[in-house]
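Participant: Turn this into a model:
(2 chains, ligands or ions: 2)
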Amino acid sequence: MPQASRQEIRFLLGGEVCIVRDATPTTTILSWLRDTARRTGTKEGCAEGDCGACTVLVGRIEDGNLVSEPVNACIRFLASIDGLQLETVEDLGGAHPVQRAMVEHHGSQCGFCTPGFVMSLAALKRTNPQPTEGEIDRALAGNLCRCTGYAPIVAAAMAAQPEPAHMRLDETIVAKLRALDDGTSLSFRRDGARWDSPRTTDELASLFLAFPDARLVAGATDVGLWATKLTRDLPHLIYVGAIDALRRVEQVDNTIEIGAAVTYADIEPIFDGLYPDFARLIRRIGGAQVRSVGTLAGNVANGSPIGDGSPALIALGAELVLRRGDERRALPIEEFFVAYGTQQRWPGEFIETIRVPLPAATTRYAAAKIGKRFDQDISSVCAALRFELVDGAILEPRLAFGGMDGVPRRAARAEAALQGRSFNEAAFEAAMLALDQDFSPIDDHRASASYRTRVARNLLLKFYRELAGETATRLEPDAYVHAIV
Amino acid sequence: MKFDTPATTNPIDQLKVIGKPTDRIDGPLKTTGTAPYAYERHDVVANQAYGYVVGAAIAKGKVNAIHVLDAKAAPGVIAVITHENAGKITKGNFNTAKLLGGPEIQHYHQAIALVVADSFEQARAAAQLIRVDYERSDGKYDLAAAKDGAEKPKAGGFGGDPDTSVGDFATAFAAAPVQLDATYTTPDQTHAMMEPHATIAAWDGDKLTVWTSNQMIAWGKGDLARTLGIPKENVRLISPYIGGGFGGKLFLRADVLLAALGARVAKRPVKVALQRPLIINNTTHRPATIQRIRIGTDKDGKITAIGHESWSGDLPDGGPETAVNQTRLLYAGANRMTATRLAVLDLPEGNAMRAPGEAPGLMALEIAIDEAAEKAGIDPIEFRIRNDTQVDPEKPSRPFSQRQLNECLRLGAEKFGWSKRSATPGKVRDGDWLIGIGVAAGLRNNLVTKSAARVRLDQRGIVTVETDMTDIGTGTYTIIAQTAAEMMGVGLDKVVVTLGDSSFPVSAGSGGQWGANNSTAGVYAACVKLREAVAQKLGFNSADATFADGQVQAGNRSAALADAAREKELVGEDGIEYGDLDKKYQQSTFAGHFVEVGVDAATAEIRVRRMLAVCAAGRILNPKSARSQVIGAMTMGVGAALMEELAIDKRLGFFVNHDLAGYEVPVHADIPHQEVIFLDETDPVSSPMKAKGVGELGICGVGAAVANAIYNATGVRVRDYPITLDKLLAKMPV
Ligand code: FES
Ligand code: FES
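Facilitator: Ligands and ions are numbered 1, 2, ... in the order given. Take a look at the predicted model:
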């Protein structure tokens, strides 16, 4: 049964109920804040999700508590915060400990990036009052500053006192958010475009079946750009983020099932326990602002040759559960990618869940991405390997690469070279050679073909050494702390 | 005030306020997001309409027709401005290409239209409806291919002579027992300041006011008047807060002109921000260079011949990147030559970016020095020290006013642990990491240029400074307040600084790291005037009046400063003007940059692990803001070394990675612990402040220090920036 629907967007702005009737489906939080609400503290540096100057916090109830996450306001549609709490730099007043520390430590020069940093830091300090430098780097990866050189901001982050209790209104906000939710779903048309936020998966399934040309959005970290940068027409958007059922991660027998609206931020701690390398990879996808809204399913559905999630999932042997109306089918994830830009998906069909097998005691897994800068970089190569180590032998190897072809895919010949071999360097050397027949990558401005070929090979060797426990030096933000003098 | 003899003791030397690590006074405005940047000045004028800029989709050629009817008929659209209805437009003195193109197109994304509408979304939607018929002509987009046709540029400006020669370079080089002859390249780079260029323009009759983001108010005002063909007096330019510039906002740019034109046609105020994906091809950039360096030394590593040639490109009538200039000054050597050549390229306009000339020049020169030292078998720090000069090597009668480069290098070596460095490359390992240490010298000249200010004293004892100087993040508000507080003997809480308004006295502006020294010297001069007026009003002898703690004292008489303004506000207005001290002395700032890197042996991923800069830059007016300037610049230097590069589509003639995702600047995790040490120095030759700039010194040499560290780590010499993983891995042993 479709829920009762409602046409106006309702959310909390800094704790007060705010009702918006004149936004279009593609009105971004940022343009609404700056042009309509005249809250100009939030800055626009790029309108493309690349700089973090527009960082605001979006709060929702999770397990009864308020969780506030940093978000790029420039590419997030206002309609997607229906039922949530929006917090901007204006809501911190001026005496927030993070703001004070930023002044004292000279964390601001031109100041244009500063409100964004302040919001990211406020979010960090709420969940982690005493962060390490690595945690700070990670939390601020989505915020660019061209002036300060970052060190003063890190110093400010270390020094800032925790947010005093009187500034935390979590319980009030939770109560207000509860009061705001009358079970209706948001559905409106404006300026020739339509927006739907179904609340249940069934509602989504029937809606998408009826409107197969609609565009599904979750985090909208890509689709947001289509609106602001590519100025593509988006006549009908269906938002999946309001469906609680799709935000779930569940263990069913030997698999975990990840809902289509589960974000990178949600899944990272889960993978940290199961496949730590996958979690490391996720931590290098975008910045915190992207990971708090971007979804694994969205990344897969996009089918980008350079999306980092896909090779990692292919190596894991993950499966997609695709749903169309009431029909469901399971598809190994690598079969989903047909060719560059084309995926195996019927009209009206969507990814409902991603199934990832749990590791057995014999399972070995490694994944890595290569880019120029540490964060917010599009991988030149992304690699992932899984196999079972049984009595010293490599069984069922699954080796997948991104950035080596038009779609992320497995390296069949290299896998064959590993299958059944003893787990030793010789086996991996054989696989390295075989890899040359698996791929013929291209040159682009991110990396040359020869670099891709060679680094793909070397990553295999690196995986071997790490899995064999020989070395474990990986690019991590904290890696530079051991200087030689 | 004329400054033509070295400064003696003056009130600044009290150092009660100057020299203290004061927090920036605009800090709270910035952490709360309330510092008003140009595009958000909703308050200044009512009824603002929004502009959206359309850029040319070809790099060179002609607009045969531009169809705007659909756009004009779109919802909310008020006006569409193109070359057809813009009226007469004259190119600004500081612009190479026209800011509104058509019918001729000079570069990709040159603005060709502005759509003005009630809302931004309407303007953006309507802009998609504009259709343009282009006629494409062939252009030149490849510096390496155009190099042989490069010509000698005009002398003048900041450039220096295109050819310089002392002694007999060719003979000395040929005879040198140690020779280095190598070619280096640096790519096109973009400023990537966080605030896009933005302007609100409003006409009141024939008077135009623009709220904009500009580093050089007087240049912008003059060029806006010239471009529109209106008297300068009719233009007011206001730019109190600037979200970064780095040279990208030195000049009048398309946002200002188009907002003014749009407002004229729409008959209401118009605001325009250059859309981020447009900025890189629409505005200026640091041009790529090809540099050949030859160094000959005797057996002891003493330079006998040094030659530096540089090629860069620009649009017709543009200028070269002056990458050879530091080589004329940095090291001794009896036989020397430099040559600068300029090729015509049809890429967007090349122009100044943080330390123009020196930044790319030192990226090449300081690798070359490392290579020459290695050939001579001498430690690279020792090599630099042996070749130090205390005089201008081209004119030995002209000493440096201060030159403590050797001290920078020695102290840095000690602090950084240079003695632990392995002289043989590729020898130090930490797990999979190959570890290396590198050094480079930095030099950036101290340019003196006149600068004026007005200082008011009111009856509450509040001192208000007015100057058209700008604060682009550098800390100008704070150091000017410190200067006025020191001069007038009051606390910082009694000083108000107002900047960036063309109705104020003309200052040096922000560029070429000349802002701090010159603008504070201008405020110093105005304060001297105000002190005289105060003394006179109080009936004191101004020569022996002292100003301290809000009191004025002369002999045994004393009065509150505020008393002098009891009846009427007192005003002091003056500027600093320089004599020929910069001819008699070479004024420069120096740095020793030290870098440690790790390179992953399997993937060639590079991590900068530690950095140190030791700087000698005259009196440091505020160690907190100066340090921040230097580490910010060091970070930009890391970007230049490892990732920053505008990729060119050599067929179509544009920069491909024209956004902040494609043009990579360092993120947090790329930047390690950075240290900055300032040597104790005052330079009485520079100004009454005895200060010099630091904001650009911080980037000068950093790129080469990174490159030299990578060489020390891996044994691989990459001479083409940026040092990306593929260039490095290709040469690393398998
Ligand atoms: S404005 Fe740059 S990320 Fe939003
Ligand atoms: S302070 Fe200018 S970009 Fe960060």
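
Participant: Flag every buried residue along stretch A:188-200.
Facilitator: Residues of stretch A:188-200 classed as buried: A:188, A:190, A:193-200 (neighbour count, 16 or more other Cβ atoms under 10 Å in any protein chain shown). For the C-beta atoms, the positions are set from N, CA and C on the backbone; glycine is no exception.

Participant: How about residues contacting it?
Facilitator: Residues outside stretch A:188-200 that contact it (Cβ atoms under 8 Å, 6 or more residues apart in numbering or on different chains): A:2-3, A:7-9, A:22-26, A:77, A:79-80, A:82, A:183, A:185-187, A:204, A:207, A:214, A:234-245.

Participant: mind checking the SS state of A:Val338?
Facilitator: Secondary structure assignment for A:Val338 (DSSP: H, G, I helix; E, B strand; the rest coil): strand.

Participant: Give me the nearest residue to B:Val656, chain neighbours excluded.
Facilitator: B:Ala647 (4.6 Å; Cβ to Cβ, 6 or more residues apart in numbering or on different chains).

Participant: How many residues are close by the one you found?
Facilitator: Per other Cβ atoms under 10 Å in any protein chain shown, the neighbour tally for B:Ala647 reads 17.

Participant: for A:Arg38, same thing?
Facilitator: Here the neighbour count serves as a burial measure; for A:Arg38 (other Cβ under 10 Å) it reads 10.

Participant: now the residue in the stretch 151-300 of chain A positioned nearest to ligand 2, nearest residue through space, not along the chain?
Facilitator: Of all residues in the stretch 151-300 of chain A, the one sitting closest to ligand 2 is A:Ile153 (8.2 Å; Cβ to the nearest ligand atom). Once flanking residues are discounted, A:Ile153 sits nearest to A:Gly107: 4.3 Å by Cβ to Cβ, 6+ apart.

Participant: Report the separation between the residue nearest to B:Val656 and B:Ala525.
Facilitator: With distances taken as Cβ to Cβ, to the nearest Å, B:Ala647 is found 48 Å from B:Ala525.

Participant: swap in A:Ile136?
Facilitator: As it turns out, when the distance is counted by Cβ to Cβ, A:Ile136 lies 44 Å from B:Ala525.

Participant: Just the pLDDT for the closest residue to chain A within the stretch 251-400 of chain B.
Facilitator: Taking Cβ to the nearest Cβ as the measure, the point where the stretch 251-400 of chain B comes nearest chain A is B:Arg276, at 4.3 Å. We have a pLDDT of 97 for B:Arg276.

Participant: one step back: filter the contacts of stretch A:188-200 down to the ones close to chain B.
Facilitator: Near chain B, judged by Cβ under 8 Å from any Cβ of the partner chain, the entries from the contacts of stretch A:188-200 are A:Thr24.

Participant: Quick check: helices, which of the contacts of stretch A:188-200 are part of them?
Facilitator: For the contacts of stretch A:188-200, membership in helices holds for A:204, A:207, with DSSP state H as the criterion.

Participant: Show me which of the contacts of stretch A:188-200 are buried.
Facilitator: For the contacts of stretch A:188-200, burial is judged from neighbour counts taken by 16+ other Cβ under 10 Å, and it is met by A:3, A:9, A:23-26, A:77, A:79-80, A:82, A:185-187, A:204, A:207, A:214, A:234, A:236-243.

Participant: Which ones among those residues lie within strands?
Facilitator: Members of the buried ones among the contacts of stretch A:188-200 lying in strands (criterion: DSSP state E): A:9, A:185-187, A:236-239.

Participant: With distance to ligand 2 and pLDDT added, can I get these in CSV?
Facilitator: Formatted as CSV, those follow (distance: Cβ to the nearest ligand atom, whole Å; pLDDT from 0 to 100):
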residue, distance to ligand 2, pLDDT
A:Ile9, 32, 98
A:Ser185, 40, 95
A:Leu186, 36, 97
A:Ser187, 40, 97
A:His236, 38, 95
A:Leu237, 32, 94
A:Ile238, 37, 96
A:Tyr239, 32, 95
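
Participant: Show me the two of those residues that sit farthest apart.
Facilitator: Using Cβ to Cβ, the pair of those lying farthest apart is A:Ile9 and A:His236, separated by 16.7 Å.

Participant: where in the stretch 251-400 of chain A is pLDDT low?
Facilitator: When residues are selected by pLDDT under 70, those of the stretch 251-400 of chain A lie in A:303-306, A:339-343.

Participant: Can you name the residues that contact the residue in it positioned nearest to ligand 1?
Facilitator: Among the residues of the stretch 251-400 of chain A, A:Gln289 lies closest to ligand 1, at 7.0 Å counting by Cβ to the nearest ligand atom. The neighbours of A:Gln289, taking Cβ under 8 Å, 6+ apart as the test, are A:49, A:52, A:55, A:70-72, A:120, A:142.

Participant: Tell me if it really is in a helix.
Facilitator: Yes. A:Gln289 forms part of a helix when assessed by three-state DSSP.

Participant: Contact partners for B:Lys88?
Facilitator: When the contact criterion is Cβ under 8 Å, 6+ apart, the partners of B:Lys88 are B:Gly229.
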